[in-house]
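J.: Dropping the sequence and predicted coords here.
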Amino acid sequence: MKSLVCADANIAIKRLVHEPDSVLARALWAEWEAQQTVVIAPTLWAYEVTSVLHKLVHQGRLSPQLEQTTLTTAYRLPVSLRRPTRLHQHASELARHFDRPTAYDAHYLALAEMAGCPFWTSDERLFNAVHAELPWVHWLGHYRKPEVLHERQGDYRAG
C-alpha cells in the first residue's frame, strides 16, 4: 500500500509559482513523487488554488495569461481530492478546539487525521496553533534536505 500525505493548496502554489520557499515546496513534492506517496487534499483544495492564483493576478504578481496556464498545470498535479463522511463536522470540531477564526484549514487537519497521514502546510500560523497537540502537522519552513539548503542560498529569480 502506498503512503499518503495531505498537503494544503499553498504548497502546490509554491511548487508552481515563484514565491518564498518555492524551492522547498518543489523539493518536498519531488520527494513525495520519488517515494510514490499519494498526495491527498479536501475538495476545498481546488477552490483555494483558483482563489490564490486569482489573488496573485489581482495584486499584479502574476499575469492573467500565466494564471490560466498555472491553473491548468495545478489541476493536473496528482492530488487526490477527498470528502469523506463527516469531514465537515470534524473540521468544525477542530476549528473550535483550536480556536481558529475560520474552518477552511481545519478541513485539511480533519482529512489528515481521518486518513491517518501527515499534513504539510506552508501556513506558519496554523502550524504554530496546532503542532503541540498534532505532531503529524508539518510546516514547509521546517523541511530540510542538504541539497535544498544549498539551493536556497542561490538566486530566487528563476521560478
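T.: Thanks, I have the structure now. Numbers count the residues shown, from 1 in each chain.

J.: pLDDT value on the closest residue in space to residue 121 that isn't next to it in sequence, please?
T.: Nearest residue to residue 121, sequence neighbours excluded (Cβ to Cβ, 6 or more residues apart in numbering): residue 8, at 4.6 Å. In this view, the C-beta of every residue, glycine as well, is placed from N, C-alpha and C. Among the per-residue scores, residue 8 shows a pLDDT of 98.

J.: any idea how far residue 8 is from residue 145?
T.: Distance, residue 8 to residue 145, using Cβ to Cβ, to the nearest Å: 20 Å.

J.: of these two, who's got more company?
T.: More crowded of residue 8 and residue 145, by other Cβ atoms under 10 Å: residue 8, with 26 against 13.

J.: could you list every residue that touches the more buried one?
T.: Listed by Cβ atoms under 8 Å, 6 or more residues apart in numbering, the contact set of residue 8 reads 41, 45, 48, 105, 108, 119, 120, 121, 122, 123.

J.: switch the cut-off to 7 Å
T.: 108, 121, 122, 123 (Cβ atoms under 7 Å, 6 or more residues apart in numbering).

J.: so where do the helices sit in the chain?
T.: Remark: helices assigned in the chain by DSSP state H are 9-16, 22-34, 44-58, 64-76, 87-97, 104-115, 124-130, 146-152.

J.: List the buried residues in the third one.
T.: By neighbour count with 16 or more other Cβ atoms under 10 Å, helix 44-58 contains the buried residues 44, 45, 46, 48, 49, 52, 53, 56, 57.

J.: got these as JSON lines, with distance to residue 92 and pLDDT columns?
T.: Shown next, in JSON lines, are the buried residues of helix 44-58 (distance: Cβ to Cβ, whole Å; pLDDT from 0 to 100):
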{"residue": "44", "distance to residue 92": "13", "pLDDT": "96"}
{"residue": "45", "distance to residue 92": "18", "pLDDT": "98"}
{"residue": "46", "distance to residue 92": "20", "pLDDT": "97"}
{"residue": "48", "distance to residue 92": "18", "pLDDT": "97"}
{"residue": "49", "distance to residue 92": "23", "pLDDT": "97"}
{"residue": "52", "distance to residue 92": "23", "pLDDT": "95"}
{"residue": "53", "distance to residue 92": "27", "pLDDT": "96"}
{"residue": "56", "distance to residue 92": "29", "pLDDT": "95"}
{"residue": "57", "distance to residue 92": "31", "pLDDT": "96"}
